[in-house]
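Asks: Sequence and predicted structure are below.
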Amino acid sequence: MRTSTTTRLRAAARPRVAALTAAAVASLTLAACGGGSSSASESTLRFGLSAEPVTLTTGVWQGSATNFVLTLVHRGLMTLDESGELVPGLAESVETPDPTTYVFTLHEGLTFSDGSPLTAQNVKSSLEYYADPESGSTLIAGLQDIAEITADSDTQVTITLAAPNNAFLEYLAVPTAAIVPDASLNADTPNNVGAGPFVLEDSQAGVGMTLAKFDDYYDAEDVALEEIDVSYYADGDARANALVSGDVDMIDYVTWENFDRVGDTDGVELAAQPGPFQYVQFNTVEGPFADPLVREAVAHAINRDNALTAAFQSNGEPLYGVVMPEDPALEGVGDDLWSYDPDRAKELLAEAGYPDGFSATLLATSQYTFLQDTALSVQQDLQAIGIDVTLDAPDWSGRLEKGAAGDYDLAVSGDVGIVTNPSYLLGHVQGPDNFNRSFGYQNPEIAAALTDGLRATDDAARVAAYEEAFSIFATDVPFATIDTRDQAWAHSDDVEGFANLPGFHTFFSGYTLANTSIER
Amino acid sequence: MFSYVLRRIGVGAGLVLLVLTLIFLALHLVPGDPAMLLLSQGDGASVTPEAVARVRTQLGLDEPLLTQYWQFLSGALTGDLGESFRNQQAVSEAIGERLPRTLELVGLATLIAVVVGVPWGALAARKGGWFDSLTSVLTSIGVALPVFVFGSVLILVFALNLGWLPAGGFAEWGEDPGRHAQVLVLPAIALAVGFASTVARMTRSAVLEMLHQDWVRTARSLGLSRRAVFRRYVLRNSLTPVVTTVGIGVGTLLGSTVLVERVFNYPGLSSLLVEAVTARDYPVVQGIVITIAVLFVSINILVDVLYGVLDPRVRR
């Protein structure tokens, strides 16, 4: 009886084993016959993106992955060329008969990717929406000077400003300033329809998206890529591996520990540019850092070279002042406000009434290693001048909440301006609190001087205004800068025409994919 | 047997409900505002308070906690898990896409682990000597080796140096079956190494224990060959603890493939869970945790039932 059961079991087991073996062999055979890389065609760019973009919300800043998609699918009146220069986009030309009047002439026959025409009326309604505080747009501050927008004809728009604003055109080149159909001008409709060089064709949550060339784009004849095949690679190493092994042709955000490996790989090019800046922000409402002398002491205590090595393997520049735009007229302005001088720092502390130092909490985050490493370096520097620093490193979400609520004494942060014009600093010295500005800090004098700089119509007046702003900045210290970090994209040598735009514009480099080609 | 299974299912359902409540509370207790996170992804241009408030209303986060709990609970019971804060995809759809991928990976890893681990452990127990010692050493390394280290080594050798297989990624079976299989090979092996080692060790010790049973000697004295006793009786009787190990192992793997998914950029359920936690994407986290809890409980019930199949004594 027992024997027969066993026999039955064994008989049943054999074909199962055979089936398993067959399956294993089949999967190995399949694996062996395909070769290393996925389908790669002449005009398809395979792109490894560092994060999955969230649903696009019109006008709202949603991070660099989302901005990347915006630079492909959308265009504004202005855009950036491959050297980062401001050039007309949907506008064929722009004239400024006087410092408060801008006349934009649109390209003929502009269309959105849904087939509807793009007219001067769309320009008017889009920009009015972005200037409306209710929209939650990135550009509320940047476009606040608009007094009137008139659609003179289907292809001509005149914008009148209440006062001169030398950053106005730059704000119009920000990816979130794209001209969109009226139907997209609300918080609920995904902002997928644009007039950019590519159209969002397909999206697979968690995996990737496909963008196809938009044939009715105003400069379609210069767009070489037929398709951009985006895959998401959240992990920095996995992203670098994908490029090095040839799984993708191009990646964004090369992490600093991968700079050498990617840069030294044959057939791969690393494109690095100085990008965001790191800084120490303060709680200026309560605690010792409400005293400007203590803040200035911190600005002199930070060993910026050490911080740069700790966080970025020295891929960046130490920053002893504020980041200023590449502009010959502003050469040397604002770049030398503090020095690394621990003795001076101790003197300042003593002057503020803390000859023996004090204890403080430094807010960082465990989620971004470079911010945590920067914090560790700053902690050591402050220890050296007698400030006993406890590190608080919650995940990014916790960091945001604590930052916005002022639940810290000091914090390390990284930031970019949405424009390179020094008006990006305005948000740090006036207006509501948020997670990455010094808690409770308001300085109407600096704000007024920065605004004078923004309104200035000649170089001498601009320089004078900024000199004034930074002389207050140096001693009142709204924040203490540490360094700028290199931000890198990387691509195979087959990719031509892409440029990593310098400075804060590095995150808008997707614009140059309109003029990128691939030769396999 | 039937009432036993029913009772197990009842306990399982209670457990799932408990997990469901705990995860809801835990998520809302942990600091972090999903609305603010959505608007500040890494490079932080300043967020306006208006924008944050608008997103909070949009996501229903301004409702009282009890209302939110009730909505979540009633939704979950009717199979509606809500939609993702980040991309408005229905959570059930997201899980529907991701779960099969993770199951496929875990399934393949389990297959490798069982096909390699059981014979290896049995052989080590039976042969003894140097092979047994070697097995002990190798399986110790296999269990101790962190999966992300082994995964990275696999990538280095087979993707970057030899170029035989992709370094990671994913392709749908329907679109590119060849690549679909290719991308599975390395992560499945990385995942299987530790698992196969555990299975081998468990098989080895169970077999050793069985070999010393009195009935083994009796069977031999009745004239059955050593080989027949081993294959027909010893191995089969040794499999009960192995099945438990495999069952628990599969359940654990379901929730812990995250490192492998990360290293190989494989868009499975675990990586979605981690992304959702960091983004405070509440509906997605809740949905996945419930799914994993249900699966874990079901696998355990299945394992109990399997005992009955392998060991007739349990059935009585």
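Replies: On my side now, so go ahead.
Asks: check contacts around the most centrally placed residue in chain B.
Replies: Centroid-nearest residue in chain B: residue B:254, 1.6 Å away (criterion: Cα atoms, centre = their mean). Residue B:254 makes contact with B:102-103, B:106, B:269-270, B:292, B:295-296, according to Cβ atoms under 8 Å, 6 or more residues apart in numbering or on different chains. From N, CA and C alone the C-beta is placed, and that goes for glycine too.
Asks: Burial check on residue B:153, number of neighbours?
Replies: Other residues lying near residue B:153 total 12 when counted by other Cβ atoms under 10 Å in any protein chain shown.
Asks: Likewise for residue A:331?
Replies: Residue A:331 has 10 neighbours, counted by other Cβ under 10 Å.
Asks: What does it show for phi and psi?
Replies: Main-chain torsions, residue A:331, degrees, to the nearest 10: phi -50, psi 120.
Asks: And for residue A:148?
Replies: phi -160, psi 140.
Asks: go on, residue A:191?
Replies: Dihedral pair for residue A:191: phi -80, psi 60, per degrees, to the nearest 10.
Asks: In the longest helix anywhere in chain B, which residues are buried?
Replies: If each helix of chain B is counted by residues according to DSSP state H, the longest one is helix B:91-127. Of the residues in helix B:91-127, B:91-92, B:94-95, B:97-99, B:101-106, B:108-118, B:120-126 count as buried by neighbour count, 16 or more other Cβ atoms under 10 Å in any protein chain shown.
Asks: Tell me which residues of whichever strand or helix holds the residue nearest to the centre of chain B come out buried.
Replies: Here residue B:254, judged by DSSP states H and E, is contained in helix B:235-256. Within helix B:235-256, the residues that count as buried by 16+ other Cβ under 10 Å are B:235, B:237-240, B:242-247, B:249-251, B:253-255.
Asks: quick check: angle from that helix to helix B:91-127?
Replies: 140 degrees (axes from the mean of the first three to the mean of the last three Cα atoms, to 10 degrees).
Asks: mean confidence score for helix B:235-256?
Replies: Per-region confidence: helix B:235-256 scores 81 on mean pLDDT.
Asks: Neighbouring strands - and their directions - for the helix or strand containing residue A:491?
Replies: Using DSSP H and E, residue A:491 falls within strand A:479-492. Under the criterion DSSP bridges, strand A:479-492 sits next to strand A:250-251 (antiparallel), strand A:268-282 (antiparallel), strand A:316-318 (antiparallel) in its sheet.
Asks: low pLDDT regions in the chain?
Replies: In the absence of a named chain, this looks at chain A. Applying pLDDT under 70 to chain A picks out residues A:1-41.
Asks: hm, I was asking about chain B
Replies: For chain B, the ranges with pLDDT under 70 are B:1, B:41-47, B:255, B:312, B:314-316.
Asks: a markdown table for the strands paired with strand A:479-492, including mean neighbour count?
Replies: As requested, the strands paired with strand A:479-492 are exported to a markdown table (neighbours: other Cβ atoms under 10 Å in any protein chain shown):
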| stretch | mean neighbour count |
| --- | --- |
| strand A:250-251 | 27 |
| strand A:268-282 | 23 |
| strand A:316-318 | 20 |
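Asks: Let's have the ones you listed in JSON lines, adding distance to residue A:511.
Replies: Below are these laid out as JSON lines (distance: least, Cβ to Cβ, whole Å):
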{"stretch": "strand A:250-251", "distance to residue A:511": "14"}
{"stretch": "strand A:268-282", "distance to residue A:511": "14"}
{"stretch": "strand A:316-318", "distance to residue A:511": "23"}
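Asks: and of those strands, who's closest to residue A:476?
Replies: Among these, strand A:268-282 comes nearest to residue A:476, with 10.8 Å by Cβ to Cβ.
Asks: which element follows the closest one toward the C-terminus?
Replies: Sequence order places helix A:292-301 as the next helix or strand after strand A:268-282, per DSSP H and E.
Asks: As PDB, could you dump the C-alpha coordinates of the strand holding residue A:491?
Replies: This file holds the C-alpha atoms of strand A:479-492, laid out as PDB (Å, rounded to 0.1, in the frame of the first residue of the first chain):
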ATOM      1  CA  PHE A 479      22.200  82.900   5.500                       C
ATOM      2  CA  ALA A 480      25.800  81.800   5.400                       C
ATOM      3  CA  THR A 481      26.900  80.300   2.200                       C
ATOM      4  CA  ILE A 482      29.200  77.200   2.000                       C
ATOM      5  CA  ASP A 483      29.800  76.100  -1.600                       C
ATOM      6  CA  THR A 484      28.400  75.500  -5.000                       C
ATOM      7  CA  ARG A 485      28.200  71.900  -6.200                       C
ATOM      8  CA  ASP A 486      28.900  70.700  -9.700                       C
ATOM      9  CA  GLN A 487      25.700  69.200 -11.200                       C
ATOM     10  CA  ALA A 488      26.400  66.700 -14.000                       C
ATOM     11  CA  TRP A 489      24.600  65.100 -16.900                       C
ATOM     12  CA  ALA A 490      26.400  62.400 -18.800                       C
ATOM     13  CA  HIS A 491      25.900  60.900 -22.200                       C
ATOM     14  CA  SER A 492      27.500  58.500 -24.700                       C
END
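Asks: Give the helix, strand or coil label for residue B:151.
Replies: Classification of residue B:151 using DSSP: H, G, I helix; E, B strand; the rest coil returns helix.
Asks: what's near enough to touch it?
Replies: By Cβ under 8 Å, 6+ apart, the residues touching residue B:151 are B:186-187, B:190, B:259-260, B:263-264.
Asks: Which two among those residues are spaced furthest apart?
Replies: B:186 and B:259 (13.3 Å).
Asks: Looking at the two, which is more packed in?
Replies: For residue B:186 versus residue B:259, neighbours defined as other Cβ under 10 Å are more numerous around residue B:186 (26 against 19).
Asks: correct me, but that one touches residue B:157?
Replies: No - using Cβ atoms under 8 Å, residue B:186 is not in contact with residue B:157, being 9.5 Å away.
Asks: shared neighbours of those two, anything?
Replies: In contact with both residue B:186 and residue B:157: no residue, using Cβ under 8 Å, 6+ apart.
Asks: on that earlier part again, how much space separates the residue nearest to the centre of chain B from residue A:207?
Replies: 20 Å (Cβ to Cβ, to the nearest Å).
Asks: before we move on, which element is residue B:273 in?
Replies: helix B:269-278.
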